[in-house]
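S.K.: let me see the structure of the following:
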Amino acid sequence: MNIFWLLTVIIPYLAVITWLGIKGYRDTKNASDYLVGGRSVHPFVMALSYGATFISTSAIVGFGGVASQFGMSLLWLPFLNIFVGIIIAFIFFGKRTRMMGLKMNAHTFPEFLGRRSGSKFIQVFAGFTIFIFMPLYTAAVLIGASRIIEGLLNIPYIYSLAIFSVVVALYVIMGGLKGVMYTDALQGVLMFVGMIILLIVIYAQTGGVLEAHNSLTALAPMVPEKMVALGHRGWTASPAFNSPLWWTIYSSLVMGVGIGVLAQPQLVVRFMTVKSNKELNRAVGIGSVFILVTAGTAYIVGALSNVYFMKLYGKLSMDLAGGNQDKVVPLFINNALPGWFGYIFMLVILSAAMSTLSSQFHAIGTAIGRDMYEQVITKKRSKINELLVNKLSMVFSILITVWISVKMENAGVIAQATAIFFGLMASAFLAPYIASLYWKRLTRIGMIAGVLTGTIGSAFAFLFTYGKIAKAIGLCKILTGKDTLVSGIFTAVDPLVIALPLSVIATITVSLITKVENKELTEQLFS
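M.R.: Just a heads-up that it's a prediction; the model follows:
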């Protein structure tokens, strides 16, 4: 560890982050400021905050590691991220979410759904779902950052985890969403510049664009036999159609995350932070370029790391990482970048993690404080109590996340944990959310049916049909004597493929046979 370079890089960075956190604290006067940034955030800040929250160490470290194992097929994900997660999300979801959220005075995603349907149950249930499952995704991001610190600074994982958790906790608890979004914007700029540099480095180290991709194609005969059996045909070729690997990549990693982004509570709330639709229009271009550079670079680097390590050590990335895909990108950064620049690039990784973690902790905290505590325990709301409960909730969520991160230290599950959470959110909430925005005929019972059907369907698939998770949990084995209720290719089909259509059917069917109870609000929202 070079103390000079470490202090030269870290101290100014932490000083700026601290200043932005204090600015967020000073600008936070009430619950609206704390929860939705006072609905007056600049479009540039909003776009970078959205992108930096979306693209985290889960994408750079986790999915970059997956790309080292599966190859360039993952590049379909940035395409879907831009088309669905930015263009469709901002234009078709963001504008109506902003308008309707303002009319309903909604400050969180669960509160938006609850007020749209007139159902306290929906708000509490959505808040509870976020509280229970988001720490899994949050832990995945925290593990990614801790692995980078561990690799670059040679600090044991557990200490890296503790140090990073404390730094993030301080500014997210203090500044609320304003503090989070101010720091997100700075971190987004660092991520953008850093990933461009990393893209240049990987091609420079592997002989240029054409030689690098040709060399990666030539490695196809070195695909491990067990991966060939699953459908792997090389790092520049798509897996064999309808093979287990094809389903894993396209149904879980690409579709699960690509579509699941539309129902992410920490992203949906960003739409409520701007004051008009013009800001959202202006944010589309910024967000699209940001996603293309950051996510695209991570997957290219992950795949081409095989070429780099083969030339350097005569080994594939996964072999060098001991079979743990979460260690591949940190290994590349540690080997390919000069020592002094490694410390600078560490800020890029830390920025990616901090921007996402701060938003996740904020979402979990408000789910507990705003959507559960205030709805179930107290009816009297004071500004002091509301902010205090939210902050205490964030502390609690941080402790849970750190505990999970310790338990999953060597599991190599960053990408998988991310895909699980994104898929679950889409299965449970995407159909009711779309109906909330565009269908006047949506009823309270219809929304409840859609949410519960998607949640139960997703849980059932994870426990009884989705091979990786069902085998790990073992409930199906206990009840039926079999690892899963299905066999062959069906064990690789992501729960989203089953649960989301069921949620769509339930939302529409039940709404058509039940009455719209909040007609006055519905007319107001669609007028």
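S.K.: from here on, contacts and neighbour counts on C-alpha atoms
M.R.: OK.
S.K.: which parts of stretch 266-279 are buried?
M.R.: 266-277, 279 (16 or more other Cα atoms under 10 Å).
S.K.: from those residues, which is closest to residue 108?
M.R.: residue 269 (6.0 Å; Cα to Cα).
S.K.: quick check: mean pLDDT across the helix or strand containing residue 524?
M.R.: Using DSSP states H and E, residue 524 sits within helix 519-525. Summarised as a single mean, pLDDT over helix 519-525 is 85.
S.K.: buried residues, it. List them.
M.R.: Neighbour-count burial for helix 519-525 [16+ other Cα under 10 Å]: 521-522, 525.
S.K.: export these to TSV and append columns for distance to residue 469.
M.R.: Formatted as TSV, those follow (distance: Cα to Cα, whole Å):
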residue	distance to residue 469
521	42
522	40
525	41
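S.K.: which among those gets closest to residue 515?
M.R.: residue 522 (12.4 Å).
S.K.: quick check: that closest one vs residue 123, distance?
M.R.: According to Cα to Cα, to the nearest Å, residue 522 and residue 123 sit 18 Å apart.
S.K.: swap in residue 527?
M.R.: 24 Å.
S.K.: between the two, which one's more packed in?
M.R.: Set residue 527 next to residue 123 and count neighbours by other Cα atoms under 10 Å: residue 123 wins out with 26 against 6.
S.K.: name the helix or strand for the more buried one, please.
M.R.: Going by DSSP H and E, residue 123 is in helix 120-153.
S.K.: cool, and residue 501?
M.R.: helix 495-512.
S.K.: identify the residues contacting that helix?
M.R.: Identification of contacts with helix 495-512 by Cα atoms under 8 Å, 6 or more residues apart in numbering yields 251-252, 256, 423-424, 426-428, 430-432, 441-458, 461-462, 466.
S.K.: can we see that at 6 Å?
M.R.: With Cα atoms under 6 Å, 6 or more residues apart in numbering as the test, helix 495-512 has contacts from 423, 427, 431, 442-443, 446-447, 449-450, 453-454, 457-458, 461.
S.K.: most neighbours of all those, which one?
M.R.: Busiest of the contacts of helix 495-512 [other Cα under 10 Å] is residue 427, holding 35 neighbours.
S.K.: got the buried residues for stretch 295-312?
M.R.: In stretch 295-312, counting by 16+ other Cα under 10 Å, buried: 295-310.
S.K.: can you list the weak-confidence ranges in this protein?
M.R.: The chain contains residues with pLDDT under 70 at 1-7, 21-44, 48, 52, 151-152, 170-181, 339-340, 377-387, 390, 409-413.
S.K.: can you give me the strands for it?
M.R.: For the chain, no strands are identified by DSSP state E.
S.K.: for the residue nearest the centre of it, give its distance to residue 279.
M.R.: Taking Cα atoms, centre = their mean, the centroid of the chain lies closest to residue 54, which sits 5.3 Å from it. In this view, residue 54 and residue 279 are 19 Å apart by Cα to Cα.
S.K.: do the same with residue 83
M.R.: From residue 83 to residue 279 the distance is 19 Å (Cα to Cα).
S.K.: what's the closest of the buried residues of stretch 266-279 to residue 237?
M.R.: Of those, the one sitting nearest to residue 237 (Cα to Cα) turns out to be residue 267, at 32.4 Å.
S.K.: so how many other residues sit close to the nearest residue to that closest one once chain neighbours are set aside?
M.R.: Of all residues beyond its chain neighbours, the one nearest residue 267 is residue 50 (6.2 Å), with distances taken as Cα to Cα, 6 or more residues apart in numbering. Each residue near residue 50 was counted by other Cα under 10 Å, and the total is 30.
S.K.: mind checking how far residue 50 is from residue 355?
M.R.: Residue 50 is 9 Å from residue 355, by Cα to Cα.
S.K.: how about residue 514?
M.R.: With Cα to Cα as the criterion, residue 514 and residue 355 are 42 Å apart.
S.K.: what about these two, which has more around it?
M.R.: Regarding residue 514 and residue 355, a neighbour count based on other Cα under 10 Å identifies residue 355 as having more, with 31 against 14.
S.K.: correct me if wrong: that one contacts residue 186.
M.R.: No: Residue 355 lies out of contact with residue 186 (Cα atoms under 6 Å); the separation is 9.2 Å.
S.K.: which phi and psi does residue 71 have?
M.R.: The phi and psi values for residue 71, taken as degrees, to the nearest 10, are phi 100, psi -160.
S.K.: please apply the same query to residue 107.
M.R.: phi -120, psi -10.
S.K.: burial count for residue 75?
M.R.: 18.
S.K.: go on, residue 483?
M.R.: 25.
S.K.: which residue packs closest to residue 475, ignoring adjacent ones?
M.R.: residue 463 (6.6 Å).
S.K.: measure the residue lying closest to residue 155 once chain neighbours are set aside to residue 349 for me?
M.R.: In this structure, residue 155 finds its nearest non-sequential neighbour in residue 149, 6.9 Å apart by Cα to Cα, 6+ apart. To residue 349, residue 149 is 9 Å away according to Cα to Cα.
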